[in-house]
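Engineer: Here is the input, now give the coordinates:
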Amino acid sequence: MKGRIVWALGLSVLAISIVPLAGEIRDDPLPALQETPLTQYRAFRKMHARNEKFGQEAWIEAWTELNGTNFTYEITTERGSEYIRNKVLKTMLIREQELVNRGDAARAEISPENYAFEESAGAQDGFRYVLLKPRRKDMLLLNGRMVLNPEGTELLRVEGTLAKNPSFWTSSVNVVREFAVVDGVRVPVTTATVARLKLAGQAHLDVRYEYETVNQRRVDVSSAHRVSNTVGHESSCLASNTKQLGGF
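Structural biologist: Predicted structure coming up:
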């Protein structure tokens, strides 16, 4: 039983591994979605998954690289629960590689093909919110919102619940993903996920990205510009964000 529930966490986190920002959508009215697309990167990825009820957690660090429609990874260090490492973290990397390499990454993009956008009137609390309404039930899509700067020109954060639960054992999966501008290209820098699992309570996944190259250019670390809330605030915001939006 425990193995099946931990495996459900693996299914839950697969959906948020793909970079969900299309870029250069000229027929879309949102300026935040008209930026230079991310077509290449090499990044050091730090992944941590845990489940308090079973007292299991694991860490993996890996170099990940995207070149067009080709994704590769090389694990450098790993520790903690062997089961979580193999069934959750490594499975997540394998699944991401499969999706990208067979050309399915577009299924996860924030684009008019995947979402209907519903904008709130004006800026609130210094932010501008645009609701994301998935056009289909898909584990790669979120029912939630984009958080933009007041002008609507910068994507700061994406948050919501998976449009489709990945397994019977999963009640819901909440995701908060933060973005930053690195050498003129907006990229994901952190992802915090909380999966509510039947009989197992909450399971957590945190992923951080440290970029070496972006769109064939070596990154000047000092140029990385954080544009969202502090990373430590993400997980604590998941429940309140869902409540504020009426469960999305």
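
Engineer: Sketch out the low-pLDDT regions of the chain for me.
Structural biologist: Where the chain drops to pLDDT under 70, the residues are 1-29, 121-124, 200, 221-248.

Engineer: Okay, helices next: where are they in it?
Structural biologist: Assigned by DSSP state H, the helices in the chain fall at 2-14, 82-84, 90-101, 234-244.

Engineer: how far out from the middle of the chain is the third one?
Structural biologist: Yep, that's helix 90-101 we're talking about. Centroid separation for helix 90-101 versus its chain: 14 Å, with CA atoms, centre = their mean, to the nearest Å.

Engineer: and it, which residues are buried?
Structural biologist: K90, T91, M92, L93, R95, E96, Q97, L99, V100 (16 or more other CB atoms under 10 Å). C-beta here means a position set from N, CA and C on the backbone, and glycine is covered the same way.

Engineer: wait, doesn't R145 sit right on V130?
Structural biologist: Yes - R145 is within contact range of V130, at 6.2 Å (criterion: CB atoms under 8 Å).

Engineer: Which one's more surrounded, the two?
Structural biologist: When R145 and V130 are compared on other CB atoms under 10 Å, the one with more neighbours turns out to be R145, at 24 against 20.

Engineer: if we can go back for a sec, which one of the buried residues of helix 90-101 is nearest Q202?
Structural biologist: M92 (17.8 Å; CB to CB).

Engineer: From what I see, that closest one and A58 are in contact.
Structural biologist: No - using CB under 8 Å, M92 makes no contact with A58, being 11.5 Å away.

Engineer: want to throw the buried residues of helix 90-101 into a markdown table with distance to P112?
Structural biologist: A markdown table is the format used below for the buried residues of helix 90-101 (distance: CB to CB, whole Å):
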| residue | distance to P112 |
| --- | --- |
| K90 | 34 |
| T91 | 31 |
| M92 | 28 |
| L93 | 29 |
| R95 | 26 |
| E96 | 24 |
| Q97 | 27 |
| L99 | 21 |
| V100 | 21 |
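
Engineer: what's the most distant pair in the residues you listed?
Structural biologist: So, the buried residues of helix 90-101 by CB to CB: farthest apart are K90 and V100, at 16.1 Å.

Engineer: buried sites along stretch 148-166?
Structural biologist: For stretch 148-166, burial by neighbour count (16+ other CB under 10 Å) applies to 148-149, 152, 154-166.

Engineer: Correction: the previous question concerned stretch 165-176.
Structural biologist: N165, P166, S167, W169, T170, V173, N174, V175, V176.

Engineer: gap between that stretch and the chain center?
Structural biologist: Its chain's C-alpha centre and that of stretch 165-176 lie 14 Å apart, by CA atoms, centre = their mean.

Engineer: and the closest residue to N70 other than its chain neighbours, what is it in contact with?
Structural biologist: The spatially closest residue to N70, leaving aside those adjacent along the chain, is N101, at 6.0 Å (CB to CB, 6 or more residues apart in numbering). Applying CB atoms under 8 Å, 6 or more residues apart in numbering, we find N101 in contact with T69, N70, F71.
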